[in-house]
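A.B. asks: Generate a structure from the sequence data that follows.
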Amino acid sequence: QLITTHTQATVAEIILKPGATVTKESVIVKLANPELQQRVESAQYSLDEAKANLRQLKLNQKREKLIEKSQYLELVSQHKGASIKLAAQKKLVKSGIVKQIDYQESILREEQLKERVNIFKERNEQLIAVHNEEVNIQLERIKQVKQKLVIAKSRHGKLMVKAGFDGVLQRLSVNLGQNLAAGQEVALIGSVTELIALIRVP
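C.D. replies: Next up is the predicted model:
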């Protein structure tokens, strides 16, 4: 098996020399590429930032829900008070103790508060839907950043050049400090299992 580089890099350390017995996890050469390291760090920073933004978003939503709940309870309390007042005036208006105009104003106020309570309920349902969508959008961003981090780590991990299977390191084609291009040969690994050959003799 011929082992080549996946990206441009510099030979930072040579671990094994030709003739060494290797396993698929044996590291033959360590390469260095500062740009790949920077990409990993940048992706990790972006992921941490996205997670922090999600936490901040949830805190803001919680605060907004508490404000909405406080306003809703206040409105419900006002409506309840208006309903009690209206019920009391309804009994007194017939006897003339309460003026008709005051009674009509109380009816109007109770209806207005009732309508505001219903509107507040609808707004609260919409607010919950908006909050859920905001969280879903941020989770999708986190998912995308995670994928970028996985790709960056995968590319960076390939700087540790491994044998890939059990065998013998037959040839090492690089030197310490050498700059390698993508696809350049690093080493040749040979199998240690017995070979069967069919020879044709003319």
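A.B. asks: Spatially central residue in this protein, please.
C.D. replies: Within the chain, one residue has its C-alpha closest to the average C-alpha position: by Cα atoms, centre = their mean, that is residue 142, at 1.6 Å.
A.B. asks: measure the closest residue to it other than its chain neighbours to residue 44 for me?
C.D. replies: Nearest non-adjacent residue to residue 142, counting by Cβ to Cβ, 6 or more residues apart in numbering: residue 50, 4.7 Å away. (Glycine included, C-beta is placed from N, CA and C.) As judged by Cβ to Cβ, to the nearest Å, residue 50 and residue 44 stand 11 Å apart.
A.B. asks: can you check residue 70 too?
C.D. replies: Taken as Cβ to Cβ, the spacing of residue 70 relative to residue 44 amounts to 40 Å.
A.B. asks: One more: residue 201?
C.D. replies: 61 Å.
A.B. asks: again, but for residue 85
C.D. replies: 62 Å.
A.B. asks: One more: residue 144?
C.D. replies: Relative to residue 44, residue 144 is positioned 14 Å away (criterion: Cβ to Cβ).
A.B. asks: Then residue 103?
C.D. replies: As for residue 103, its distance to residue 44 is 69 Å (criterion: Cβ to Cβ).
A.B. asks: which other residues reach stretch 43-51?
C.D. replies: With contacts defined as Cβ atoms under 8 Å, 6 or more residues apart in numbering, stretch 43-51 is touched by 138, 141, 142, 145, 146, 148, 149, 152, 153.
A.B. asks: Ignoring the adjacent residues along the chain, who's closest to residue 181?
C.D. replies: Closest to residue 181 by Cβ to Cβ, 6+ apart is residue 8, at 5.7 Å.
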